[in-house]
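Undergrad: All I have is the shape, not the residue letters:
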């Protein structure tokens, strides 16, 4: 009951508005409120504290303090500018470093390609990356045998399993029910998930090998630029392709 009277009493109270800028001070703009003053004061004190800390740091600095970077930094128009030192390597040293980098990348790419081939053989991948599909050739003596030929009978398996290139059981195996997991859906799902992970890993390795090939091409182009001076740029370098240059033919003596 008391809360209701208190609420009703507040409804009839006079609204207290903030004082506006007097008329003779209109040319000074809006009257600054306390919240505006608080923001301005906080910003002022923050800057003063920063200046005080920098001043103290300068006073306490050791005059004998030395950094090696001091020898390469100059003050120009109030901004510190670092002088770029000339490279201390010769042209032959640069060529040698480029050659070593190129050999290292090529070695890693070949190792990645071998891993890809091993994964492909494990997964029985037939038609990937332009590889010719495997063929199973049967030989017959007469045309009647060719007409009576049945691939399921020849392979001794069920007709539904003829299209399989791996895990193709025979009729005897199916009758004996020795296939592990044939009646276990959880195990079949686990095997399918493992096969999917292997294919994902194969896809990642193929992409990694392609990127290494592009890096090797870019390094080879940079190495060639050190040897030849007369060059014309035909295409700029992209993510998937190195820059293409046309060099002036020079007859070797």
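TA: Perfect, I can see it now. On a predicted model such as this, the values are computed, not experimentally measured, just so you know.
Undergrad: next structured bit after the helix ranked longest in the chain?
TA: Identified as the longest helix of the chain according to DSSP state H is helix 185-227. As assigned by DSSP states H and E, the chain's next helix or strand after helix 185-227 is strand 231-235.
Undergrad: Show me what that next one is in contact with.
TA: Contact with strand 231-235 is made by 225, 241, 243, 244, 245, 246, 247, 248, as judged by Cβ atoms under 8 Å, 6 or more residues apart in numbering. Backbone N, C-alpha and C define where each C-beta goes, glycine included.
Undergrad: repeat that with 10 Å
TA: Here strand 231-235 makes contact (Cβ atoms under 10 Å, 6 or more residues apart in numbering) with 224, 225, 241, 242, 243, 244, 245, 246, 247, 248.
Undergrad: What distance do you get for the fifth one to residue 152?
TA: Read it as residue 243. 57 Å (Cβ to Cβ, to the nearest Å).
Undergrad: Repeat that for the last one.
TA: In this structure, residue 248 lies at 66 Å from residue 152, with Cβ to Cβ as the measure.
Undergrad: So for the two, which residue has more residues nearby?
TA: Between residue 248 and residue 152, counted using other Cβ atoms under 10 Å, residue 152 has the larger neighbour count: 13 against 9.
Undergrad: Now that one: closest residue in space, sequence neighbours ignored.
TA: Closest residue to residue 152 apart from its sequence neighbours, by Cβ to Cβ, 6 or more residues apart in numbering: residue 159 at 4.4 Å.
Undergrad: separation between that neighbour and residue 147?
TA: Applying Cβ to Cβ to residue 159 and residue 147 gives a distance of 18 Å.
Undergrad: Settle it for me: which of those two has more neighbours?
TA: Shown here are residue 159 and residue 147; by other Cβ under 10 Å, residue 159 has more neighbours (11 against 8).
Undergrad: SS state for residue 245?
TA: Secondary structure, DSSP: H, G, I helix; E, B strand; the rest coil: residue 245 is strand.
Undergrad: Quickly list what it is bridged to.
TA: Taking DSSP bridges as the rule, residue 245 bridges to residue 233.
Undergrad: thinking it is in contact with residue 221, fair?
TA: Yes - between residue 245 and residue 221 there is a contact under Cβ atoms under 10 Å: 6.9 Å.
Undergrad: burial measure for residue 105, as a count.
TA: That count, for residue 105 with other Cβ under 10 Å as the rule, works out to 19.
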